[in-house]
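In: Below is the structure, and that's it, no one-letter string:
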């Protein structure tokens, strides 16, 4: 008890938390829930690592690569209008907004995807969303990130990635009946063609 009181005043917020809070003033950010987001959303370790990098502001986008002297281009790989930072790439970019609207339309008979927000770009979708909606959002931003190298991302690529991840997750829990049932329930009704 004494030790807890002693260190309470010495604990500092991580820099990434401070930066996200500066970009989202007035937003309620429940960091424990944010940090557990990927673990509750996906079985795939690559997706979990990607989300960890996102919330800790360690995704290497053009703006940061230029700052480090590793790239000559700081602009968005898709629109070439604004600096490529997480908030722009995963929310503000017109290409991102268009692709998300196309995905919302393509999946409208299976589920209702919420609109993108500044908060979803930096910390994932709200806590009340179902795991499959959160997972599809995570797959979406991962695909945007990965395809930015060649500046080409479209609805077919995103749909194929969702199908691929669904298949991978079914293989990952093949021998665990309990996990297999949870995973089957999560993906129930999601049949992407």
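Out: Noted; the coordinates are in hand. This one's a predicted model, so the numbers in the text were calculated from it and none came from an experiment. Numbering: from 1, shown residues only.

In: any idea how far residue 109 is from residue 140?
Out: Residue 109 sits 18 Å away from residue 140, going by Cβ to Cβ, to the nearest Å. C-beta coordinates here come from the backbone N, C-alpha and C atoms, glycine included.

In: ditto for residue 77
Out: 16 Å.

In: same deal with residue 132?
Out: 12 Å.

In: repeat for residue 73
Out: 23 Å.

In: Who has more neighbours out of the two?
Out: residue 140 (21 against 12; other Cβ atoms under 10 Å).

In: need the contact list for the more buried one.
Out: The contact partners of residue 140, by Cβ atoms under 8 Å, 6 or more residues apart in numbering, come to 99, 100, 103, 158.

In: Most widely separated two among the residues you listed?
Out: Spanning the widest gap among those are 100 and 158, at 9.2 Å by Cβ to Cβ.

In: Quick check: closest non-adjacent residue to residue 58.
Out: Nearest non-adjacent residue to residue 58, counting by Cβ to Cβ, 6 or more residues apart in numbering: residue 16, 7.6 Å away.

In: middle-most residue in the protein, spatially?
Out: residue 138 (3.7 Å; Cα atoms, centre = their mean).

In: residues touching it, list them.
Out: Residue 138 neighbours (Cβ under 8 Å, 6+ apart): 38, 41, 42, 47, 50, 51, 124.

In: What of residue 127?
Out: Contacts of residue 127 (Cβ under 8 Å, 6+ apart): 30, 33.
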